[in-house]
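Enquirer: Everything below, folded, please.
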Amino acid sequence: MKNVMWAGLVLALVSSIGQAAPVMMAPDWAQEMCKAWNADPVLTKDLVESGWIKNDKKRGFKVMQIYRNDCEGSARVELRVSEKDGKTACVYGGKAETKLDSDIDYLMWADTPRWIEMGKGEYGPMRAMFFQRLRFDGPMGEAMGNMGPFGNFLLLVGKVPGDAASCPAK
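Expert: Numbers count the residues shown, from 1 in each chain. The predicted model follows:
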């Protein structure tokens, strides 16, 4: 009987370890962020209707690379999005691979507590950029014209479970 109890305890422990949230802004976290993007009707619909997704220099995709500023030296992650079946779909989430083009792509960074605040909806992208809580490089006019979807993107950071206590690997 004791062996069965120990086996159950070990199984429960191993299961809970396997279900731990990935490190916030690590490649496996970015994969989950990509899935969350595809489940968000504002991101999938509104970015097609506004024409945002069409600004890709005929490359076929746009990129958003993000990172945690206070995690010095950690690698960036990226979401790559394309138009697919009349929707803006995230087709890749993981380690940054794309050389960014500042006319069409986005680079965003903030300290971890700021990402968490934005993910909780404590403030949106306008306030975040105005007070430099979120730093940004990319087509500013295009971003300003898509503040609703941009806000939804920031909220995904709070919806995708991630361990913010440690930094992503370098």
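
Enquirer: Nearest residue to the middle of this structure?
Expert: In the chain, the C-alpha closest to the average C-alpha coordinate belongs to residue 33, at a distance of 4.9 Å (CA atoms, centre = their mean).

Enquirer: Name the next helix or strand downstream of the helix or strand containing that residue, please.
Expert: Taking DSSP states H and E as the definition, residue 33 sits inside helix 27-38. Past helix 27-38, further along toward the C-terminus, the next helix or strand under DSSP H and E is helix 41.

Enquirer: looking only at pLDDT, what's the mean for that following helix?
Expert: The average pLDDT within helix 41 is 96.

Enquirer: Looking at residue 16 now. What's its pLDDT?
Expert: 42.

Enquirer: Pull up the distance across stretch 49-68, start to finish.
Expert: Distances were taken as CA to CA, to the nearest Å; on that basis the terminal residues of stretch 49-68 are 30 Å apart.

Enquirer: again with stretch 127-140
Expert: 14 Å.

Enquirer: for stretch 47-60, same thing?
Expert: Across its full length, stretch 47-60 reaches 15 Å between end residues, using CA to CA.

Enquirer: Name the residues that touch that stretch?
Expert: Contacting residues not belonging to stretch 47-60 are listed as 62, 81-83, 86-88, 101, 103-104, 139, 142, 145-146, 149 [CB atoms under 8 Å, 6 or more residues apart in numbering]. Yep, even glycine has a C-beta here, placed from its N, CA and C like the rest.

Enquirer: contacting residues around the residue nearest to the centre of the chain?
Expert: 77, 79, 90, 93, 156-157, 160.

Enquirer: Which of those fall within strands?
Expert: In strands, judged by DSSP state E, the following of those are found: 77, 79, 90, 93.

Enquirer: now the last one: how far from residue 129?
Expert: Meaning residue 93. As judged by CB to CB, to the nearest Å, residue 93 and residue 129 stand 23 Å apart.

Enquirer: who's in contact with residue 118?
Expert: In this structure, residue 118 makes contact with 110, 124-125, 128, 133-134, 154-155, 157-158, judged by CB under 8 Å, 6+ apart.

Enquirer: May I see those residues organised as JSON lines, with distance to residue 23, neighbour count and pLDDT added?
Expert: Listed next are these as JSON lines, based on distance: CB to CB, whole Å; neighbours: other CB atoms under 10 Å; pLDDT from 0 to 100:
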{"residue": "110", "distance to residue 23": "16", "neighbour count": "23", "pLDDT": "96"}
{"residue": "124", "distance to residue 23": "25", "neighbour count": "17", "pLDDT": "87"}
{"residue": "125", "distance to residue 23": "24", "neighbour count": "23", "pLDDT": "86"}
{"residue": "128", "distance to residue 23": "22", "neighbour count": "23", "pLDDT": "89"}
{"residue": "133", "distance to residue 23": "21", "neighbour count": "18", "pLDDT": "92"}
{"residue": "134", "distance to residue 23": "20", "neighbour count": "25", "pLDDT": "93"}
{"residue": "154", "distance to residue 23": "19", "neighbour count": "23", "pLDDT": "95"}
{"residue": "155", "distance to residue 23": "20", "neighbour count": "19", "pLDDT": "96"}
{"residue": "157", "distance to residue 23": "13", "neighbour count": "23", "pLDDT": "96"}
{"residue": "158", "distance to residue 23": "16", "neighbour count": "16", "pLDDT": "96"}
